[in-house]
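[1] Kindly return the folded structure for what I paste below:
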Amino acid sequence: MNSKTAQQLKTELLAKKKTLMGLQALNHQVDAEHDSALKDTVDRSDVEEAWFTKERMSQHWKLELNRIESALNKIDTGSFGVCEECDAEIPVKRLRVRPDASLCLFCQESMEKELGPNRLMRPVSSPMDLLH
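    Numbers count the residues shown, from 1 in each chain. A predicted model of the protein is given here:
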């Protein structure tokens, strides 16, 4: 990957990171402002549903922020966009969708075929595990 493309992706990732961090901050601010009002005026099931939705979004944003950080670190170290299995270049389109992609499509598909249906099976130790 040429340095111009890497810098463009880095700029996009930094902008996305800033947006996600803003959403996280807004999410926490809404919690602080509306917790007491919700307890008094809204049915408990509505409060629980709102909390679950907020938590699910928060977990999604954290995961996305971790992916962005991983991609930014790879850009800084020069390993961004290179398949960890075959050293082939990962297409820019794939990296825009999955900036944390560490495998090219061929290696990713090969790994998924090897793992088969068991790749979806993982232990659930808490309700939060269901969100991932």
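[2] Residue 80 should be in a strand, yeah?
    No - with DSSP: H, G, I helix; E, B strand; the rest coil as the criterion, residue 80 is assigned coil and is not in a strand.
[3] Which SSE is immediately downstream of the helix or strand residue 18 falls within?
    Residue 18 belongs to helix 3-41 when assigned by DSSP states H and E. With elements assigned by DSSP H and E, the helix or strand that comes after helix 3-41 is helix 44-77.
[4] Just the mean pLDDT for that next one, thanks.
    Mean pLDDT, helix 44-77: 84.
[5] before we move on, what about stretch 80-97?
    Averaging pLDDT along stretch 80-97 gives 92.
[6] which residues are contacting it?
    Contact partners of stretch 80-97, identified using C-beta atoms under 8 Å, 6 or more residues apart in numbering, comprise 1, 5-6, 9, 12, 71, 74, 101-107, 111. Using the backbone N, CA and C atoms, a C-beta is placed for each residue, glycine as well.
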